[in-house]
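K.L.:
Mind folding the following:
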Amino acid sequence: MAGIYLHIPFCKQACYYCDFHFSTNQSSVDEMVSTMIQELDLRKDYLEGENIETIYFGGGTPSILEGKHIRRLLEKIESQFKISDSPEITLEANPDDLSRSKLAELYNYGINRLSIGIQSFNESHLKYLNRAHTNKEAINCVENAIEIGFDNITIDLIYGIPFENEDPWPNDIATALDLGVDHISAYCLTIEPQTVFGKWLNQNKIKPINEELAASHFNYLLEKLNSNGFEQYEISNFCKSGCYSKHNTSYWQQKRYLGIGPSAHSFNKVSRQFNIANNAKYIKALNSGAIPCEVEILSNTQKVNEMMMTGLRTKWGVSLDEIREVIPGWETKNSSILKDYTQNQYLKLSNNHLIITEKGKLLADEIALNLFLDE
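P.N.:
You can find the predicted model right below:
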């Protein structure tokens, strides 16, 4: 089973923390969709006839698209690829885009999973992040989506946001739980160099991320979601029984996927492709029949390092059998550090899988990097 990712590179406004590729100039939306359809034509053989289990509209802000755009893209995918009987079709959305009529339209066009970027239910935090919606819009959009028939909804939250008086984080989690969604993704606020926050940090207008606050928020999140029946199946992702994001899980489990649109990535287990992160250049190249991308052929070392980076973030861990198939003797090369991490209970071995422990979760990326092999 494989997936298709569609990068919609438009937003109403720039959130101060975001470093994804997007433009706030929406004048080329129609042309962009037509160009993405051209790319789907040119890359119809990339997945070699494998069944498509997931389709994911990401961005950017895919909920900016009109229904006709979504219909065109889905119809093209259905005409060019083999689709499984019940594919997961996700659309990332901002609450201010999700009117009842828009929700009904999305539902009728086959979108069966919503990923709603709420980030916070606190008005001052929404302004701090430069989000376009309000607390009321966030709550209303989830309630309306459920009433219309969406039964697969995830919401995004951000923790580690500084505050002046009372900490809003407990209320954010309580509100999310009250809404009754079955999946929550929670990410620590980060400050990337090319963002507004990055520039403000350099100008001393804001302070660096408070790591102690972020860790406190994360631990509170774990406690509350666990006590309310959520399973942490990936460092930042929590769900009720069986309600995993199939699309994101396919990334972590190294399944094939095709990325369409500017800045989109693709993976076929042999190589990665990276589309150009420039809307105008992307459109110009496709109009001349070229795919504007870089291709990186993966070495065996890179393949194993990626397995480690993605797999250790999940509850399933990393299969040592799969690693041995690529690099025999991998454990021998890492024997000292593996012994250290297991003896200190950061990692455990279960059913021949290397799995991060509760103690190790806050250090998952660091642990993976320390287990990387050099070329």
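
K.L.:
Helix, strand, or coil at the residue most central in space within the chain?
P.N.:
Central residue check for the chain by CA atoms, centre = their mean: the C-alpha nearest the mean position is that of N248, 6.3 Å away. The three-state label given to N248 by DSSP: H, G, I helix; E, B strand; the rest coil is helix.

K.L.:
can you check I155 too?
P.N.:
State at I155, reduced to three classes by three-state DSSP: strand.

K.L.:
what's the spacing between it and Q253?
P.N.:
Noted for I155: a distance of 23 Å to Q253, by CB to CB, to the nearest Å. C-betas here are computed from N, CA, C, even on glycine.

K.L.:
neighbour-wise, which of the two wins?
P.N.:
I155 (24 against 13; other CB atoms under 10 Å).

K.L.:
Let me know whether the more buried one touches I184 as I believe.
P.N.:
Yes - between I155 and I184 there is a contact under CB atoms under 8 Å: 5.9 Å.

K.L.:
Report the helix or strand with the lowest average pLDDT across the chain.
P.N.:
helix 330-333 (a mean of 88; mean pLDDT, DSSP states H and E).

K.L.:
K303 belongs to a helix?
P.N.:
Yes - looking at K303 with three-state DSSP, it is inside a helix.

K.L.:
That one: neighbouring residues, count only.
P.N.:
With other CB under 10 Å as criterion, K303 counts 18.

K.L.:
Once you drop chain neighbours, what's closest to it?
P.N.:
Excluding the flanking residues, the one nearest K303 by CB to CB, 6 or more residues apart in numbering is V326, at 5.4 Å.

K.L.:
same check, this time on N228
P.N.:
L177 is the one closest to N228 (CB to CB, 6+ apart), at 5.5 Å.

K.L.:
what's downstream of the strand or helix carrying the one you found, the next helix or strand?
P.N.:
Assigned by DSSP states H and E, L177 belongs to helix 169-179. Where DSSP H and E defines the elements, the next helix or strand beyond helix 169-179 is strand 183-188.

K.L.:
Next, the buried residues of that next one.
P.N.:
Within strand 183-188, the residues that count as buried by 16 or more other CB atoms under 10 Å are H183, I184, S185, A186, C188.

K.L.:
Direction included, what does that strand pair against?
P.N.:
When pairing is defined by DSSP bridges, strand 183-188 lines up against strand 153-159 (parallel), strand 237-239 (antiparallel).

K.L.:
hey, where'd the helices end up in the stretch 201-350 of the chain?
P.N.:
For the stretch 201-350 of the chain, the helices defined by DSSP state H, counting those that start in this stretch cover 211-227, 246-252, 279-287, 300-311, 320-326, 330-333, 335-343.

K.L.:
Minimum distance to N352: which of those helices has it?
P.N.:
N352 lies closest to helix 320-326 among the helices of the stretch 201-350 of the chain, at 5.2 Å (CB to CB).

K.L.:
in the helix holding L177, what's buried?
P.N.:
Within helix 169-179, the residues scored as buried using 16+ other CB under 10 Å are W169, D172, I173, T175, A176, L177, L179.

K.L.:
if I look at S34, how far off is I4?
P.N.:
Distance from S34 to I4, by CB to CB: 17 Å.

K.L.:
With D96 instead?
P.N.:
Per CB to CB, D96 is found 27 Å from I4.

K.L.:
more crowded one of the two?
P.N.:
I4 (28 against 16).

K.L.:
what's across from that one in the sheet?
P.N.:
Going by DSSP bridges, I4 forms beta bridges with I55, L258.

K.L.:
pretty sure it contacts Y56?
P.N.:
Yes - using CB under 8 Å, I4 is in contact with Y56, at 7.2 Å.

K.L.:
Can you give me the buried ones in stretch 297-304?
P.N.:
Buried-residue list, stretch 297-304, by 16+ other CB under 10 Å: L298, Q302, K303, V304.

K.L.:
for stretch 82-95, same thing?
P.N.:
Buried positions in stretch 82-95, judged by neighbour count with 16+ other CB under 10 Å: I83, P87, E88, I89, T90, L91, E92, A93, N94, P95.

K.L.:
if I pick the last one, what's in contact with it?
P.N.:
Taking CB atoms under 8 Å, 6 or more residues apart in numbering as the criterion, P95 is in contact with I116, G117, I118, H133, E137, A138, N140, C141, V142.

K.L.:
C18: which of those is nearest?
P.N.:
For those, the nearest to C18 is G117 (9.8 Å; CB to CB).

K.L.:
May I have the phi/psi pair for that closest one?
P.N.:
Dihedral angles of G117 (phi, psi; degrees, to the nearest 10) stand at phi -80, psi 80.

K.L.:
Tell me the spacing between it and C243.
P.N.:
Distance from G117 to C243, counting by CB to CB: 18 Å.

K.L.:
now S241, nearest residue through space, not along the chain?
P.N.:
Leaving aside its sequence neighbours, S241 sits nearest to E231 (CB to CB, 6+ apart; 7.1 Å).

K.L.:
All set now, cheers.
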